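[1] Sequence first, then the predicted structure, then my questions.
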Amino acid sequence: MAACEDRPNLVERAVRKLGEPENQARLLQAAWRISLLMMVFGFIIILKTIFPNFTVT
């Protein structure tokens, strides 16, 4: 079964949608928040390793 050439497939539409500036800004915000969260958790793990009695309150 041949695909229609005038309609892009789902992947092409998703890539075009992600290429829009407002969607790129949302992706950048999400990536920044995830990396910040990972950094905080890593810092807590390091502190728990160095100081076993360390508690997060």
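    Received the coordinates, thanks.
[2] could you say which helix or strand contains the one residue sitting closest to the centre of the chain?
    The chain has Ala31 as the residue nearest its centroid, 3.9 Å off, counting by CA atoms, centre = their mean. Counting by DSSP states H and E, the element that carries Ala31 is helix 21-50.
[3] which other helices and strands contact that helix?
    Where contact means 3 or more CB pairs under 8 Å, 6 or more residues apart in numbering; DSSP states H and E, helix 21-50 is packed against helix 10-18. The way it works is simple: take the backbone N, C-alpha and C, and place the C-beta from them, glycine included.
[4] Show me which positions of the helix it packs on end up buried.
    Within helix 10-18, not a single residue qualifies as buried, counting by 16 or more other CB atoms under 10 Å.
[5] centre of the chain versus it, how much separation?
    Distance of helix 10-18 from the chain centroid (CA atoms, centre = their mean, to the nearest Å) equals 17 Å.
[6] between it and helix 21-50, what angle do the directions make?
    For helix 10-18 against helix 21-50, the angle by axes from the mean of the first three to the mean of the last three CA atoms, to 10 degrees is 90 degrees.
[7] can you dump the C-alpha coordinates of helix 10-18 into CSV?
    The C-alpha coordinates for helix 10-18 follow below in CSV (Å, rounded to 0.1, in the frame of the first residue of the first chain):
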residue,chain,number,x,y,z
LEU,A,10,2.9,11.2,11.8
VAL,A,11,6.7,11.5,12.4
GLU,A,12,7.2,14.3,9.9
ARG,A,13,4.2,16.2,11.4
ALA,A,14,5.7,15.7,14.9
VAL,A,15,9.1,17.0,13.8
ARG,A,16,7.6,20.0,12.2
LYS,A,17,5.5,20.7,15.3
LEU,A,18,8.6,20.5,17.5
